[in-house]
Structure formats: structure tokens, C-alpha cells
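# no sequence for this one, just the structure:
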């Protein structure tokens with residue numbers, strides 16, 4: 001470019017008309033790039049693998065959301081003979097008024113006398129990193145478990161090992177409801193998910209029961225390697241970041257296989273939604289993992305209904321059952337401990353491991369009532385051919 005051409009370019013660059021054209025050109029180029037990026041991301045997430053069950057009629061098209069297969073046996077605030085028992089020590093009982101989730105029957109301080117260190121152990125990291133038992137199940141906290149089968153399959157269910165997502169995580173800690181009362185004894189970095197899984201002959205799996213904040217935590221998931229196999233309830237697979245390629249969404253009563261591991265997604269009596277008023281437009285449920293005649297079942301959040309007898313009729317007896325036992329003021333959506341026992345009886349469980357207590361208070365009961373009520377109900381019901389294992393956070397059950 002000679003001196004005259006440079007002068008003309010400088011002149012036109014200073015005119016309003018030229019500047020307008022230049023800005024519009026930059027704007028449209030940027031817009032095209034943004035559209036291209038979002039189109040690629042949309043294609044990546046819309047092509048997720050999905051396993052549907054065409055025989056089920058579990059979507060309400062009038063209200064555009066999923067519904068439970070069976071009506072709940074119990075309703076909101078419905079009580080039983082077990083509610084009349086006092087499970088607390090005198091020093092654990094004190095009146096307290098909650099601004100959020102206040103009990104209409106009268107509040108008590110729901111964490112008085114609770115020390116999480118009394119209910120937490122240091123995980124056996126050597127056992128976790130190099131499994132030596134056919135079945136190893138480590139309770140991390142709340143609904144988070146590491147299930148290890150045959151030293152090959154490492155299954156992380158409902159991992160919440162980081163601060164809760166979004167505004168719930170930012171502001172929930174400023175109220176008693178949402179305060180974290182037990183730190184995770186096992187960090188994401190402690191999991192045997194890192195390194196070359198293919199070289200070690202291991203398969204890393206994450207299974208999510210539903211999208212409530214205490215079960216689905218993107219802050220944890222985003223720390224996991226891209227080689228992880230992810231299993232989600234139907235329609236929730238669309239929300240997974242595009243950088244994870246191995247994602248499957250499953251319908252109720254469907255099955256998938258990885259090597260000689262069978263994975264079943266089973267129904268529950270609950271709901272989904274990431275806000276108080278969100279319609280349950282993604283599915284919820286529990287997971288059954290079957291390897292070498294070992295069957296491990298994780299119920300997810302659920303209330304009691306005939307669904308467990310239906311599962312037993314379809315699949316036969318289960319071996320180890322991981323059952324929730326808290327937040328039973330919503331008994332249509334959550335087990336009371338005695339409901340967990342009854343569901344385990346329905347399923348023919350050989351071993352029962354309760355969970356869901358000790359991490360947060362999200363209900364009216366004292367934080368220590370669920371495991372005590374569980375032991376009380378167990379001693380009274382005395383189910384046959386079944387063992388109870390009330391684990392501490394960080395403890396590993398072996399079989």
C-alpha cells in the first residue's frame with residue numbers, strides 16, 4: 001500500500017459511515033461465532049444416548065410432567081405408632097423456632113447434642129484404591145455412596161462432595177435449613193477415578209437418582225474425568241456439560257450393560273425439580289447394579305408404595321439395599337425408617353444400609369432420630385433373613 005492509499009484508508013476509517021459498517025461487520029461475525037458455538041453444544045447434548053420404555057404411561061400430557069406409577073401409602077404429616085416414641089436424650093431436647101420449615105406441631109432444636117465426628121470414620125483409602133472384596137460399599141455422606149464391584153466397576157451414586165450449586169449453595173448456609181453439619185470424609189481427589197482407568201482395567205460410573213440439590217451436584221461432577229460413564233434419569237441427560245461424551249438417560253424399568261455389569265433404572269415414589277415450584281419434567285428413581293450374581297440396589301428418595309412389590313415380581317430378590325430414612329414429614333415422598341424396612345422385605349433384601357441423615361436438616365425430626373428410630377423399628381419388626389448395617393460416614397461395608 002503506497003502513501004496515498006494509506007491516507008485514504010485513514011480518512012475513511014474516521015468517517016461515521018465507515019465506522020458504522022466496520023462495527024456492523026464485527027457484530028455479525030461475532031454473532032455467527034456465538035451461534036456456531038451454541039449449535040455445536042446443542043448438537044452434542046441433544047445426541048445423548050437415551051433408553052426409553054415405550055410400554056409405560058407415566059407422563060401427564062395435560063400438566064406436562066411425569067407422575068408416580070403407584071399411589072403413596074402414606075400422606076403428608078401422617079404419623080404411626082413410631083412417632084409416639086421419644087428417641088432423644090434429655091440434653092438433646094430444647095424448644096427452638098425455625099423461620100424456614102417450621103414444624104406446625106412445635107419445633108425442637110434439631111441438631112442439639114449432635115457431633116458429626118461421633119458418626120464419621122477415616123476412610124480406608126488403601127481398600128478403596130485397591131478393592132480386595134467382590135462387593136465394597138462406602139457411605140460418603142447423605143445419599144453419596146461409592147459402590148465397588150469385582151475390583152473393576154467403581155460406581156459413584158448421587159455424589160455431593162462440594163458446595164451445593166447456585167443460589168442454594170451461596171445463601172442456604174446462612175439458615176439452619178441448608179447449613180452443612182458434616183464435612184465429606186472422602187474428597188473427589190481421594191476417589192479411584194483418576195489416572196488411566198483403561199490401563200487399570202477399571203470402569204468408572206456415576207449414577208444420579210434425581211435432580212434435587214442434595215443428590216445432583218454439578219460442582220462435584222465437573223471435577224470428574226471425561227472418561228466417566230454417566231447415567232441419568234430420562235430428560236436429565238440433556239443438562240450434562242458437553243465435554244462429557246459417555247452420557248445415558250434411562251427410563252423406568254430399562255436396562256443397560258457395561259461389560260458384565262447390568263444397570264437397571266427403577267421407579268420410586270418421589271418427584272424432581274430444581275426449585276420449589278418447578279414441575280417434575282425430568283424423571284427420578286433408583287438404581288440396581290448386578291454383577292456376578294451380586295445385586296446392589298440404591299433406592300434414591302422415595303415414599304412407600306406397591307412399587308417395591310412390583311419390582312420384586314419383575315426382578316426377584318435383591319442382595320444389598322441402600323435405603324433413605326429421613327425427612328419423613330413428607331411421608332408420601334420419603335421413607336420413615338419402618339417404611340425402609342418394609343420396602344426391603346418386599347424386595348427380599350439380604351442386607352439393609354440406611355442413609356440420608358447426619359449431613360443437613362431438611363425435615364422436622366432431630367438429626368439423630370432417623371438412625372435411632374431405625375434401630376427401634378428393626379428390633380420390633382425383626383425381619384427374617386436380613387441384616388442391618390448402620391454405617392458411619394466414611395465406613396466401608398464389604399461382602
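Perfect, thanks for sending it. Nothing here was measured: the structure is a model prediction, and the numbers come from that model.
# What segments of this structure are helices?
Using DSSP state H, the helices found in the chain span residues 3-13, 16-46, 125-129, 166-171, 197-200, 218-221, 307-315, 337-347, 369-381.
# Where do the domain boundaries of this protein fall?
What automatic domain parsing lists as the domains of the chain is 3-44, 51-398.
# which residues pair with residue 330 across the strands?
Beta bridges link residue 330 to residue 76, judged by DSSP bridges.
# got the contact list for the residue nearest to residue 142 when sequence neighbours are not counted?
Nearest residue to residue 142, sequence neighbours excluded (CB to CB, 6 or more residues apart in numbering): residue 359, at 4.1 Å. C-beta: built from backbone N, CA, C; applies to glycine. For residue 359, the contacting residues are 141-142, 180-182, 214, 393, by CB atoms under 8 Å, 6 or more residues apart in numbering.
# again with residue 60
66-67.
# Model confidence for the closest residue to residue 69 other than its chain neighbours, exactly?
Nearest residue to residue 69 in three dimensions, chain neighbours excluded: residue 267, at 5.2 Å (CB to CB, 6+ apart). The model reports residue 267 with a pLDDT of 98.
# I figured residue 267 was touching residue 67, is that so?
No: with contacts counted by CB atoms under 8 Å, residue 267 stays clear of residue 67, the gap being 10.6 Å.
# Next, show the common contact partners of these two.
Common neighbours of residue 267 and residue 67 (CB under 8 Å, 6+ apart) are residue 58.
# more crowded one of those two?
residue 267 (25 against 11; other CB atoms under 10 Å).
# Who are the contact partners of that one?
58, 68-69, 252-253, 285-286, 307, 311.
# switch to 10 Å and redo it
56, 58, 66, 68-70, 251-253, 283-286, 300, 302, 305, 307-308, 310-311 (CB atoms under 10 Å, 6 or more residues apart in numbering).
# from those, which would you call buried?
By neighbour count, with 16 or more other CB atoms under 10 Å, the contacts of residue 267 hold 66, 68-69, 251-253, 283-286, 300, 302, 305, 307-308, 310-311 as buried.
# In strands, which of the residues you listed appear?
66, 286 (DSSP state E).
# Got the confidence number for residue 6?
47.
# And for residue 1?
53.
# same thing with the one 10 residues further on?
According to the prediction, residue 11 has pLDDT 42.
# Below-threshold pLDDT in the stretch 251-399 of the chain: ranges please.
By pLDDT under 70, the stretch 251-399 of the chain has no low-scoring segment.
# Where does pLDDT dip in the stretch 51-200 of the chain?
195-199.
# That one: strands as residue ranges?
59-60, 65-66, 135-141, 144-149, 153-157 (DSSP state E, counting those that start in this stretch).
# Turn those strands into JSON lines, columns for distance to residue 106.
Output for the strands of the stretch 51-200 of the chain, formatted as JSON lines (distance: least, CB to CB, whole Å):
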{"stretch": "strand 59-60", "distance to residue 106": "37"}
{"stretch": "strand 65-66", "distance to residue 106": "34"}
{"stretch": "strand 135-141", "distance to residue 106": "29"}
{"stretch": "strand 144-149", "distance to residue 106": "32"}
{"stretch": "strand 153-157", "distance to residue 106": "35"}
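# out of those strands, which comes closest to residue 238?
strand 65-66 (14.6 Å; CB to CB).
# In its sheet, which strands sit next to that closest one, and in what direction?
strand 59-60 (antiparallel).
# hey, which of the domains of the chain is tucked in deepest?
Each of the domains of the chain was scored by mean neighbour count; the highest is domain 51-398, a mean of 18, by mean count of other CB atoms under 10 Å.
# Endpoints of that domain, how far apart?
32 Å (CA to CA, to the nearest Å).
# and if you look at stretch 304-324?
Stretch 304-324: ends 11 Å apart by CA to CA.
# now the closest residue to residue 52 other than its chain neighbours: how far from residue 54?
Spatial nearest neighbour of residue 52, chain neighbours left out: residue 251 (4.7 Å); criterion: CB to CB, 6+ apart. For residue 251, the distance to residue 54 (CB to CB, to the nearest Å) stands at 9 Å.
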